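**Q** Pasting a predicted model and its sequence here:
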Amino acid sequence: MNKSSLHSWGVEELLAKYPGIRLLPSVDENLKIAGTLEFSAQARGRQLVSDRYEVSILVAKFYPRTLPVVRETGKRVPKGFHKMSGGELCLGSPTRLRLLLTESSSLLSFVERCLIPYLYGFSLVEKGGTLPFGELAHGAKGLREDLADLIGFSDDRVLGRFVKLLSLKKRHANKLLCPCGSGLRVGRCHNRKLNMLRGKLGRRWFA
């Protein structure tokens, strides 16, 4: 891992704020961070939680185009609690996580906006509470639920048409009829929202 990536990803900032985690030696271009992540967090209307977890974070050289792979290595989080088949933590929908990374690609931001909320939620559940930020279904259903929330339409056929528009070039998509049923072209209807999502994530993501 070269020094420019370490600097641009804000690795020193992350390690300084959370001294329990450390940078591990790597023989390839991937970044490996592991150790004890100690934090305090509180969602609105929920209790303050101070906790610690053993974690490992693998950051590929193509970050932030690819999402970090995070595992809880202390065997505290059970398999049934929002984990992928390989044991990595399911921190949220890929679309939502990538949108967060377009706002800030620093690893400190990723840890505080994606990883710690997941761990905070599990700490609450472990104490008999409920998840503070809602919960998506697993698999394709969860992806559809998240896209429906982002776009503002839950009907699968309408949602599919919006996703198709997001995979097209702006100039082409804006000439087509808006799926919302307004009778207007996209360019005179939902173009701002679609242009924002397409601009941040790219057409290939939705294709």
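**A** Yep, that arrived.
**Q** show me what contacts the residue most central in space within the chain?
**A** For the chain, the residue nearest the mean C-alpha position is Leu97 (1.7 Å; Cα atoms, centre = their mean). Neighbouring residues of Leu97 by Cβ atoms under 8 Å, 6 or more residues apart in numbering: 67, 91, 114. The C-beta positions use only the backbone N, C-alpha and C, and glycine is treated the same way.
**Q** again, only this time at 10 Å
**A** 64, 67-68, 90-91, 110, 113-114 (Cβ atoms under 10 Å, 6 or more residues apart in numbering).
**Q** and it, how far is that from Leu89?
**A** Distance, Leu97 to Leu89, by Cβ to Cβ, to the nearest Å: 11 Å.
**Q** Which SSE is immediately downstream of the helix or strand hosting Asp51?
**A** According to DSSP states H and E, Asp51 maps onto strand 49-59. Using DSSP H and E, the helix or strand that follows strand 49-59 in sequence is strand 69-72.
**Q** For the residue of the chain most remote from its centre, which non-adjacent residue is spatially closest?
**A** Farthest-out residue of the chain from its mean C-alpha position, per Cα atoms, centre = their mean: Gly183, at 34.1 Å. Among residues not flanking Gly183 along the chain, Leu177 sits closest, at 7.4 Å (Cβ to Cβ, 6 or more residues apart in numbering).
**Q** For Leu107, give me its contacts.
**A** Counting by Cβ under 10 Å, 6+ apart, Leu107 makes contact with 6, 9-15, 31, 33, 57, 59, 63-64, 68, 115.
**Q** Please read the previous query as pertaining to Glu88.
**A** 56, 58, 67-72.
**Q** from those residues, which two are the most distant?
**A** Within those, Leu67 and Glu72 form the most distant pair, 16.2 Å apart (Cβ to Cβ).
**Q** more crowded one of the two?
**A** Comparing Leu67 with Glu72 by other Cβ atoms under 10 Å, the one with more neighbours is Glu72, at 22 against 19.
**Q** so the more buried one makes contact with Tyr118?
**A** Yes. Glu72 is within contact range of Tyr118, at 9.1 Å (criterion: Cβ atoms under 10 Å).
**Q** Find residues that contact each of the two.
**A** Residues touching both Glu72 and Tyr118 by Cβ under 10 Å, 6+ apart: 53, 81, 89.
**Q** Three-state assignment for the residue farthest from the centre of the chain, please.
**A** For Gly183, the assignment made with DSSP: H, G, I helix; E, B strand; the rest coil gives coil.
**Q** residues in contact with the nearest residue to Ala137 once chain neighbours are set aside?
**A** Among residues not flanking Ala137 along the chain, Glu145 sits closest, at 6.0 Å (Cβ to Cβ, 6+ apart). Contact analysis of Glu145 by Cβ under 10 Å, 6+ apart lists 93, 134-137, 154, 159.
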